[in-house]
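In: quick one, what's the 3D model for this:
(chains A, B, C and D)
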Number of protein chains: 2
Amino acid sequence: MAVETVEEGDVWLTEEQQGAWRHYLEGSARFVEALGAVHDRTLPLSLGEYSLLVQLSEAPGRTMRMSALADGLVLSRSRLTHTVARMEARGLVARCAAEGDRRGVNCSMTDAGYTALVAAAPGHVAAVRRILVEALEPDEFLALGRAMAKVAASAREAGGTQEGLAAHCD
Amino acid sequence: MAVETVEEGDVWLTEEQQGAWRHYLEGSARFVEALGAVHDRTLPLSLGEYSLLVQLSEAPGRTMRMSALADGLVLSRSRLTHTVARMEARGLVARCAAEGDRRGVNCSMTDAGYTALVAAAPGHVAAVRRILVEALEPDEFLALGRAMAKVAASAREAGGTQEGLAAHCD
DNA sequence: GGTAGATAGTTGAGGGATCAACTACCTACG
DNA sequence: CGTAGGTAGTTGATCCCTCAACTATCTACC
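Out: Okay, the predicted model is just below:
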(Lines give C-alpha, C1' and ligand atoms only; values in the text may rest on other atoms or scores of the structure.)
Protein backbone atom coordinates (compact mmCIF):
# COMPACT_ATOMS: atom_id res chain seq x y z
CA MET A 1 0.00 0.00 0.00
CA ALA A 2 1.09 3.55 -0.70
CA VAL A 3 1.85 4.64 2.83
CA GLU A 4 4.96 6.51 3.87
CA THR A 5 7.88 4.10 3.92
CA VAL A 6 8.99 3.11 7.40
CA GLU A 7 12.57 2.53 8.47
CA GLU A 8 12.01 -0.58 10.55
CA GLY A 9 11.92 -3.85 8.64
CA ASP A 10 9.91 -6.85 9.86
CA VAL A 11 6.66 -4.95 9.67
CA TRP A 12 5.99 -4.76 5.93
CA LEU A 13 7.11 -6.97 3.09
CA THR A 14 10.02 -6.42 0.74
CA GLU A 15 9.27 -5.48 -2.87
CA GLU A 16 10.00 -9.04 -3.92
CA GLN A 17 7.73 -10.50 -1.28
CA GLN A 18 4.98 -8.05 -2.17
CA GLY A 19 5.16 -9.20 -5.76
CA ALA A 20 4.96 -12.85 -4.77
CA TRP A 21 2.03 -12.10 -2.50
CA ARG A 22 0.15 -10.23 -5.22
CA HIS A 23 0.74 -13.06 -7.66
CA TYR A 24 -0.50 -15.52 -5.10
CA LEU A 25 -3.68 -13.53 -4.56
CA GLU A 26 -4.38 -13.06 -8.24
CA GLY A 27 -3.52 -16.62 -9.17
CA SER A 28 -5.67 -18.24 -6.53
CA ALA A 29 -8.59 -15.93 -7.29
CA ARG A 30 -8.44 -16.46 -11.02
CA PHE A 31 -7.97 -20.17 -10.64
CA VAL A 32 -11.06 -20.80 -8.50
CA GLU A 33 -13.01 -18.46 -10.72
CA ALA A 34 -12.05 -20.36 -13.88
CA LEU A 35 -12.57 -23.77 -12.30
CA GLY A 36 -15.93 -22.72 -10.88
CA ALA A 37 -16.97 -21.41 -14.28
CA VAL A 38 -16.21 -24.78 -15.87
CA HIS A 39 -18.40 -26.48 -13.27
CA ASP A 40 -21.24 -23.99 -13.60
CA ARG A 41 -21.26 -23.99 -17.38
CA THR A 42 -20.44 -27.56 -18.35
CA LEU A 43 -20.82 -29.93 -15.38
CA PRO A 44 -23.78 -31.24 -13.38
CA LEU A 45 -22.19 -30.36 -10.01
CA SER A 46 -20.87 -27.11 -8.59
CA LEU A 47 -17.27 -27.15 -7.40
CA GLY A 48 -18.38 -27.35 -3.78
CA GLU A 49 -20.79 -30.21 -4.38
CA TYR A 50 -18.16 -32.02 -6.38
CA SER A 51 -15.57 -31.71 -3.60
CA LEU A 52 -18.07 -33.00 -1.08
CA LEU A 53 -18.87 -36.04 -3.18
CA VAL A 54 -15.19 -36.73 -3.79
CA GLN A 55 -14.63 -36.88 -0.03
CA LEU A 56 -17.56 -39.24 0.38
CA SER A 57 -16.41 -41.41 -2.51
CA GLU A 58 -13.15 -42.12 -0.70
CA ALA A 59 -14.71 -42.99 2.65
CA PRO A 60 -15.57 -46.58 3.55
CA GLY A 61 -19.20 -47.19 2.63
CA ARG A 62 -19.19 -43.81 0.91
CA THR A 63 -20.34 -42.49 4.26
CA MET A 64 -18.87 -39.92 6.62
CA ARG A 65 -19.81 -38.15 9.79
CA MET A 66 -20.94 -34.57 9.25
CA SER A 67 -18.12 -33.19 11.38
CA ALA A 68 -15.45 -35.18 9.53
CA LEU A 69 -16.85 -33.87 6.29
CA ALA A 70 -16.82 -30.30 7.59
CA ASP A 71 -13.20 -30.61 8.73
CA GLY A 72 -12.08 -32.24 5.50
CA LEU A 73 -13.68 -29.59 3.33
CA VAL A 74 -12.71 -26.66 5.58
CA LEU A 75 -16.37 -25.70 5.96
CA SER A 76 -18.29 -24.46 8.97
CA ARG A 77 -20.72 -26.91 10.54
CA SER A 78 -23.57 -24.64 9.69
CA ARG A 79 -22.62 -24.27 6.07
CA LEU A 80 -22.23 -28.00 5.71
CA THR A 81 -25.67 -28.60 7.21
CA HIS A 82 -27.26 -26.21 4.72
CA THR A 83 -25.30 -27.57 1.77
CA VAL A 84 -26.08 -31.18 2.63
CA ALA A 85 -29.74 -30.28 3.10
CA ARG A 86 -29.85 -28.87 -0.43
CA MET A 87 -27.99 -31.84 -1.87
CA GLU A 88 -30.25 -34.23 0.00
CA ALA A 89 -33.27 -32.51 -1.52
CA ARG A 90 -31.72 -33.15 -4.93
CA GLY A 91 -31.14 -36.81 -4.08
CA LEU A 92 -27.33 -36.67 -4.21
CA VAL A 93 -26.71 -37.62 -0.58
CA ALA A 94 -28.72 -39.03 2.32
CA ARG A 95 -28.41 -38.57 6.06
CA CYS A 96 -29.04 -41.08 8.82
CA ALA A 97 -28.28 -41.37 12.52
CA ALA A 98 -24.78 -42.54 13.40
CA GLU A 99 -24.49 -45.68 15.48
CA GLY A 100 -22.60 -45.36 18.76
CA ASP A 101 -23.06 -41.60 19.24
CA ARG A 102 -26.65 -40.52 19.24
CA ARG A 103 -25.69 -36.92 18.49
CA GLY A 104 -23.91 -37.99 15.32
CA VAL A 105 -25.23 -37.92 11.78
CA ASN A 106 -23.84 -39.90 8.89
CA CYS A 107 -23.92 -38.48 5.41
CA SER A 108 -23.68 -40.94 2.54
CA MET A 109 -23.58 -40.64 -1.20
CA THR A 110 -26.55 -42.03 -3.10
CA ASP A 111 -26.34 -43.82 -6.43
CA ALA A 112 -27.54 -40.64 -8.08
CA GLY A 113 -24.71 -38.80 -6.34
CA TYR A 114 -22.21 -41.33 -7.60
CA THR A 115 -23.57 -41.05 -11.12
CA ALA A 116 -23.28 -37.27 -11.02
CA LEU A 117 -19.74 -37.51 -9.65
CA VAL A 118 -18.66 -39.88 -12.42
CA ALA A 119 -20.25 -37.58 -14.99
CA ALA A 120 -18.47 -34.53 -13.64
CA ALA A 121 -15.04 -36.03 -12.99
CA PRO A 122 -13.51 -35.96 -16.48
CA GLY A 123 -14.41 -32.33 -17.06
CA HIS A 124 -13.25 -31.36 -13.60
CA VAL A 125 -9.88 -33.10 -13.90
CA ALA A 126 -9.36 -31.80 -17.42
CA ALA A 127 -9.88 -28.25 -16.15
CA VAL A 128 -7.51 -28.72 -13.22
CA ARG A 129 -4.88 -30.13 -15.56
CA ARG A 130 -5.30 -27.41 -18.13
CA ILE A 131 -5.44 -24.44 -15.82
CA LEU A 132 -3.16 -25.50 -12.97
CA VAL A 133 -1.01 -28.56 -13.67
CA GLU A 134 0.01 -27.84 -17.22
CA ALA A 135 0.69 -24.18 -16.48
CA LEU A 136 3.70 -25.32 -14.46
CA GLU A 137 6.79 -27.46 -14.87
CA PRO A 138 6.18 -30.90 -13.31
CA ASP A 139 8.54 -30.33 -10.41
CA GLU A 140 7.30 -26.77 -10.01
CA PHE A 141 3.81 -28.16 -9.47
CA LEU A 142 5.04 -30.67 -6.91
CA ALA A 143 6.93 -27.89 -5.12
CA LEU A 144 3.71 -25.87 -5.08
CA GLY A 145 2.02 -28.80 -3.39
CA ARG A 146 4.73 -29.07 -0.75
CA ALA A 147 4.63 -25.36 -0.07
CA MET A 148 0.86 -25.30 0.28
CA ALA A 149 1.00 -28.25 2.66
CA LYS A 150 3.20 -26.11 4.91
CA VAL A 151 0.80 -23.21 4.55
CA ALA A 152 -2.12 -25.46 5.47
CA ALA A 153 -0.32 -26.58 8.62
CA SER A 154 0.59 -23.02 9.51
CA ALA A 155 -2.97 -21.81 8.99
CA ARG A 156 -4.41 -24.71 10.98
CA GLU A 157 -2.16 -23.76 13.85
CA ALA A 158 -2.92 -20.04 13.51
CA GLY A 159 -6.54 -20.76 14.43
CA GLY A 160 -5.61 -21.22 18.06
CA THR A 161 -3.08 -18.41 18.46
CA GLN A 162 -4.54 -15.65 16.34
CA GLU A 163 -5.73 -13.53 19.24
CA GLY A 164 -2.09 -12.67 19.89
CA LEU A 165 -1.90 -10.96 16.53
CA ALA A 166 -3.83 -7.97 17.80
CA ALA A 167 -0.90 -7.26 20.11
CA HIS A 168 1.20 -6.31 17.07
CA CYS A 169 -1.02 -3.31 16.34
CA ASP A 170 -0.86 -1.02 19.36
CA MET B 1 -11.64 -40.26 -6.52
CA ALA B 2 -12.34 -43.93 -5.91
CA VAL B 3 -13.43 -44.90 -9.40
CA GLU B 4 -12.13 -47.97 -11.20
CA THR B 5 -8.58 -47.32 -12.37
CA VAL B 6 -8.25 -46.67 -16.08
CA GLU B 7 -5.35 -47.78 -18.22
CA GLU B 8 -4.96 -44.62 -20.28
CA GLY B 9 -2.87 -41.89 -18.72
CA ASP B 10 -3.46 -38.20 -19.48
CA VAL B 11 -6.98 -38.33 -18.12
CA TRP B 12 -6.44 -38.48 -14.36
CA LEU B 13 -3.56 -37.32 -12.21
CA THR B 14 -0.69 -39.40 -10.85
CA GLU B 15 -0.61 -40.17 -7.13
CA GLU B 16 2.04 -37.50 -6.66
CA GLN B 17 0.04 -34.91 -8.56
CA GLN B 18 -3.12 -35.79 -6.65
CA GLY B 19 -1.26 -35.21 -3.41
CA ALA B 20 0.01 -31.84 -4.56
CA TRP B 21 -3.46 -30.89 -5.74
CA ARG B 22 -5.04 -31.83 -2.41
CA HIS B 23 -2.44 -29.86 -0.52
CA TYR B 24 -3.09 -26.88 -2.74
CA LEU B 25 -6.82 -27.07 -2.09
CA GLU B 26 -6.44 -27.47 1.64
CA GLY B 27 -3.75 -24.83 1.94
CA SER B 28 -5.56 -22.16 0.02
CA ALA B 29 -8.82 -22.85 1.85
CA ARG B 30 -7.25 -22.77 5.29
CA PHE B 31 -5.22 -19.71 4.47
CA VAL B 32 -8.13 -17.52 3.37
CA GLU B 33 -10.14 -18.81 6.29
CA ALA B 34 -7.44 -17.87 8.80
CA LEU B 35 -6.74 -14.50 7.19
CA GLY B 36 -10.44 -13.69 7.00
CA ALA B 37 -10.82 -14.62 10.66
CA VAL B 38 -8.09 -12.16 11.63
CA HIS B 39 -9.90 -9.41 9.73
CA ASP B 40 -13.31 -10.25 11.15
CA ARG B 41 -12.10 -10.54 14.73
CA THR B 42 -9.41 -7.90 15.07
CA LEU B 43 -9.54 -5.40 12.20
CA PRO B 44 -11.96 -2.64 11.13
CA LEU B 45 -12.17 -3.92 7.52
CA SER B 46 -13.09 -7.27 6.05
CA LEU B 47 -10.52 -8.86 3.79
CA GLY B 48 -12.49 -7.85 0.70
CA GLU B 49 -12.89 -4.25 1.77
CA TYR B 50 -9.22 -4.10 2.67
CA SER B 51 -8.15 -5.39 -0.74
CA LEU B 52 -10.38 -2.86 -2.45
CA LEU B 53 -8.90 0.02 -0.48
CA VAL B 54 -5.37 -1.22 -1.14
CA GLN B 55 -6.04 -1.05 -4.87
CA LEU B 56 -7.43 2.46 -4.53
CA SER B 57 -4.51 3.56 -2.36
CA GLU B 58 -2.10 2.75 -5.18
CA ALA B 59 -4.02 4.54 -7.92
CA PRO B 60 -3.29 8.17 -8.80
CA GLY B 61 -5.66 10.39 -6.83
CA ARG B 62 -6.71 7.27 -4.93
CA THR B 63 -9.36 6.94 -7.59
CA MET B 64 -10.16 4.20 -10.07
CA ARG B 65 -12.79 3.36 -12.62
CA MET B 66 -15.26 0.74 -11.42
CA SER B 67 -14.31 -1.65 -14.20
CA ALA B 68 -10.58 -1.35 -13.49
CA LEU B 69 -11.31 -2.10 -9.87
CA ALA B 70 -13.40 -5.11 -10.79
CA ASP B 71 -10.68 -6.49 -13.03
CA GLY B 72 -7.94 -5.88 -10.49
CA LEU B 73 -9.83 -7.59 -7.71
CA VAL B 74 -11.15 -10.44 -9.90
CA LEU B 75 -14.72 -9.49 -8.99
CA SER B 76 -17.85 -9.41 -11.13
CA ARG B 77 -19.17 -5.97 -12.04
CA SER B 78 -22.32 -6.66 -10.12
CA ARG B 79 -20.54 -7.73 -6.98
CA LEU B 80 -18.34 -4.69 -7.10
CA THR B 81 -21.33 -2.37 -7.47
CA HIS B 82 -22.99 -3.89 -4.40
CA THR B 83 -19.78 -3.89 -2.36
CA VAL B 84 -18.96 -0.29 -3.25
CA ALA B 85 -22.53 0.75 -2.45
CA ARG B 86 -22.18 -0.71 1.04
CA MET B 87 -18.77 0.87 1.55
CA GLU B 88 -20.06 4.18 0.28
CA ALA B 89 -22.88 4.02 2.84
CA ARG B 90 -20.20 3.55 5.51
CA GLY B 91 -18.25 6.52 4.20
CA LEU B 92 -15.16 4.55 3.13
CA VAL B 93 -15.36 5.39 -0.58
CA ALA B 94 -17.25 7.82 -2.81
CA ARG B 95 -18.42 7.58 -6.41
CA CYS B 96 -18.61 10.28 -9.02
CA ALA B 97 -19.05 10.46 -12.77
CA ALA B 98 -15.92 9.90 -14.84
CA GLU B 99 -14.83 12.66 -17.16
CA GLY B 100 -14.56 11.76 -20.83
CA ASP B 101 -16.83 8.73 -20.81
CA ARG B 102 -20.29 9.50 -19.56
CA ARG B 103 -20.97 5.82 -18.85
CA GLY B 104 -18.01 5.65 -16.51
CA VAL B 105 -17.97 5.93 -12.74
CA ASN B 106 -14.96 6.74 -10.63
CA CYS B 107 -14.58 5.27 -7.20
CA SER B 108 -12.29 7.06 -4.80
CA MET B 109 -11.14 6.47 -1.26
CA THR B 110 -12.30 8.96 1.36
CA ASP B 111 -10.20 10.14 4.27
CA ALA B 112 -12.18 7.81 6.49
CA GLY B 113 -11.33 4.99 4.12
CA TYR B 114 -7.67 5.87 4.30
CA THR B 115 -7.78 5.99 8.07
CA ALA B 116 -9.40 2.57 8.20
CA LEU B 117 -6.83 1.19 5.78
CA VAL B 118 -3.93 2.49 7.84
CA ALA B 119 -5.52 1.07 10.98
CA ALA B 120 -5.96 -2.36 9.40
CA ALA B 121 -2.66 -2.65 7.57
CA PRO B 122 -0.32 -3.74 10.37
CA GLY B 123 -2.62 -6.53 11.53
CA HIS B 124 -3.22 -7.65 7.97
CA VAL B 125 0.44 -7.76 7.04
CA ALA B 126 1.36 -9.45 10.31
CA ALA B 127 -1.17 -12.18 9.59
CA VAL B 128 0.06 -12.67 6.03
CA ARG B 129 3.63 -12.90 7.29
CA ARG B 130 2.82 -15.29 10.08
CA ILE B 131 0.54 -17.64 8.19
CA LEU B 132 2.02 -17.55 4.69
CA VAL B 133 5.44 -15.96 4.41
CA GLU B 134 7.07 -17.38 7.50
CA ALA B 135 5.63 -20.84 6.90
CA LEU B 136 8.01 -21.13 3.94
CA GLU B 137 11.69 -20.77 3.17
CA PRO B 138 12.34 -17.36 1.61
CA ASP B 139 13.08 -18.75 -1.84
CA GLU B 140 10.24 -21.22 -1.52
CA PHE B 141 7.89 -18.29 -1.05
CA LEU B 142 9.28 -16.48 -4.06
CA ALA B 143 8.92 -19.66 -6.12
CA LEU B 144 5.31 -19.87 -4.97
CA GLY B 145 4.77 -16.36 -6.27
CA ARG B 146 6.31 -17.20 -9.64
CA ALA B 147 4.23 -20.34 -9.94
CA MET B 148 1.01 -18.55 -9.07
CA ALA B 149 1.77 -15.85 -11.63
CA LYS B 150 1.84 -18.58 -14.27
CA VAL B 151 -1.40 -20.00 -12.92
CA ALA B 152 -3.00 -16.56 -13.06
CA ALA B 153 -2.00 -16.18 -16.69
CA SER B 154 -3.24 -19.64 -17.53
CA ALA B 155 -6.57 -19.04 -15.81
CA ARG B 156 -7.00 -15.66 -17.47
CA GLU B 157 -6.50 -17.32 -20.82
CA ALA B 158 -8.80 -20.23 -19.94
CA GLY B 159 -11.69 -17.79 -19.74
CA GLY B 160 -11.85 -17.52 -23.51
CA THR B 161 -11.27 -21.17 -24.44
CA GLN B 162 -13.12 -23.03 -21.74
CA GLU B 163 -16.03 -24.04 -23.97
CA GLY B 164 -13.72 -26.52 -25.64
CA LEU B 165 -13.37 -28.39 -22.36
CA ALA B 166 -16.82 -29.88 -22.71
CA ALA B 167 -15.54 -31.76 -25.73
CA HIS B 168 -13.43 -33.94 -23.43
CA CYS B 169 -16.54 -35.44 -21.80
CA ASP B 170 -18.58 -37.16 -24.51
C1' DG C 1 -25.84 -40.22 40.02
C1' DG C 2 -25.85 -35.53 39.21
C1' DT C 3 -24.09 -31.60 37.31
C1' DA C 4 -20.50 -28.71 34.39
C1' DG C 5 -18.60 -28.33 30.34
C1' DA C 6 -17.43 -29.97 25.85
C1' DT C 7 -19.10 -31.88 21.32
C1' DA C 8 -22.52 -32.81 17.24
C1' DG C 9 -25.62 -30.94 14.59
C1' DT C 10 -29.55 -27.85 13.37
C1' DT C 11 -32.22 -23.61 12.83
C1' DG C 12 -33.61 -19.04 11.30
C1' DA C 13 -32.69 -14.30 10.53
C1' DG C 14 -29.95 -11.17 8.18
C1' DG C 15 -26.49 -9.99 4.99
C1' DG C 16 -23.75 -10.91 0.95
C1' DA C 17 -23.20 -13.10 -3.73
C1' DT C 18 -25.07 -14.39 -8.34
C1' DC C 19 -27.59 -14.08 -12.45
C1' DA C 20 -30.32 -12.16 -15.88
C1' DA C 21 -32.30 -8.22 -17.26
C1' DC C 22 -31.92 -3.37 -18.01
C1' DT C 23 -30.31 1.70 -19.00
C1' DA C 24 -27.13 4.49 -20.97
C1' DC C 25 -23.44 5.49 -23.64
C1' DC C 26 -19.76 4.77 -27.00
C1' DT C 27 -17.84 3.06 -31.62
C1' DA C 28 -17.91 1.86 -36.22
C1' DC C 29 -19.53 1.28 -40.42
C1' DG C 30 -23.05 1.53 -44.06
C1' DC D 1 -26.90 10.53 -40.03
C1' DG D 2 -28.51 6.01 -38.19
C1' DT D 3 -28.36 1.79 -36.54
C1' DA D 4 -25.86 -2.58 -34.80
C1' DG D 5 -23.10 -4.20 -31.57
C1' DG D 6 -20.03 -3.54 -27.79
C1' DT D 7 -18.89 -1.51 -23.13
C1' DA D 8 -19.96 0.59 -18.28
C1' DG D 9 -22.54 0.20 -14.60
C1' DT D 10 -26.81 -0.75 -11.93
C1' DT D 11 -30.85 -3.26 -10.20
C1' DG D 12 -33.60 -6.68 -7.91
C1' DA D 13 -34.95 -11.47 -7.22
C1' DT D 14 -33.00 -15.47 -5.69
C1' DC D 15 -29.86 -18.20 -3.63
C1' DC D 16 -26.15 -19.07 -0.50
C1' DC D 17 -23.34 -18.08 3.62
C1' DT D 18 -22.69 -16.42 8.35
C1' DC D 19 -23.64 -15.81 12.95
C1' DA D 20 -25.71 -16.50 17.15
C1' DA D 21 -28.79 -19.15 19.45
C1' DC D 22 -30.55 -23.65 20.50
C1' DT D 23 -31.30 -28.94 21.39
C1' DA D 24 -29.42 -33.08 22.40
C1' DT D 25 -25.90 -35.95 23.70
C1' DC D 26 -21.49 -37.29 25.62
C1' DT D 27 -17.59 -37.06 29.19
C1' DA D 28 -15.69 -36.39 33.46
C1' DC D 29 -15.40 -35.62 37.94
C1' DC D 30 -17.02 -34.96 42.50
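In: any part of stretch A:53-67 near chain B?
Out: Yes: legend: contact between stretch A:53-67 and chain B by Cβ under 8 Å from any Cβ of the partner chain is shown at A:54, A:57-58. Every C-beta, even on glycine, is put in place using the N, C-alpha and C of the backbone.
In: ok, now stretch A:105-122?
Out: Yes: residues of stretch A:105-122 are located near chain B by Cβ under 8 Å from any Cβ, namely A:117-119, A:121-122.
In: can you list the low-confidence ranges for chain A?
Out: Where chain A drops to pLDDT under 70, the residues are A:1-9, A:160-170.
In: helices of that one, start to end?
Out: The residue ranges that make up the helices of chain A, judged by DSSP state H, are A:15-42, A:47-58, A:66-73, A:77-89, A:111-131, A:138-161.
In: wait, which of the ones you listed is closest to DNA strand D?
Out: With respect to DNA strand D, and counting by Cβ to the nearest atom of the strand, the nearest of the helices of chain A is helix A:77-89 at 3.3 Å.
In: how about residues contacting the closest one?
Out: Applying Cβ atoms under 8 Å, 6 or more residues apart in numbering or on different chains, the external contacts of helix A:77-89 come out as A:48-49, A:52, A:66-67, A:69-70, A:73, A:75, A:93-95, A:107, A:113.
In: same question for stretch A:144-164.
Out: Contact with stretch A:144-164 is made by A:136, B:19-24, B:26-28, B:30-31, B:33-34, B:37-38, B:41-42, B:127, B:130-132, B:134-136, B:140-141, B:143-144, B:147-148, as judged by Cβ under 8 Å, 6+ apart.
In: of these, just the buried ones, PyMOL syntax please.
Out: Under the burial definition 16 or more other Cβ atoms under 10 Å in any protein chain shown, those of the contacts of stretch A:144-164 that qualify are selected in PyMOL by:
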select buried, (chain A and resi 136) or (chain B and resi 20+21+22+23+24+26+27+28+30+31+33+34+37+38+42+127+130+131+132+135+136+141+143+144+147+148)
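In: return the member of the residues of stretch A:105-122 next to chain B nearest to chain B.
Out: The nearest member of the residues of stretch A:105-122 next to chain B to chain B, counting by Cβ to the nearest Cβ, is A:Pro122 at 4.8 Å.
In: pretty sure that closest one contacts B:Asp10?
Out: No: under the criterion of Cβ atoms under 8 Å, A:Pro122 is not in contact with B:Asp10, lying 11.3 Å apart.
In: have a look at these two and say which one is more surrounded.
Out: Comparing A:Pro122 with B:Asp10 by other Cβ atoms under 10 Å in any protein chain shown, the one with more neighbours is A:Pro122, at 16 against 7.
In: what number of residues lie near A:Thr14?
Out: Tallying neighbours of A:Thr14 according to other Cβ under 10 Å, which is how burial is gauged here, yields 12.
In: whoops, I mixed them up, A:Gly113
Out: For A:Gly113, the tally of surrounding residues (other Cβ under 10 Å) stands at 24.
In: what sits against the closest residue in space to A:Ala152 that isn't next to it in sequence?
Out: Nearest residue to A:Ala152, sequence neighbours excluded (Cβ to Cβ, 6 or more residues apart in numbering or on different chains): B:Gly27, at 4.0 Å. By Cβ under 8 Å, 6+ apart, B:Gly27 lies in contact with A:147-152, A:155.
In: in TSV: the residues you listed, plus distance to A:Arg86.
Out: Listed next are the contacts of B:Gly27 as TSV, based on distance: Cβ to Cβ, whole Å:
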residue	distance to A:Arg86
A:Ala147	34
A:Met148	29
A:Ala149	31
A:Lys150	34
A:Val151	30
A:Ala152	27
A:Ala155	27
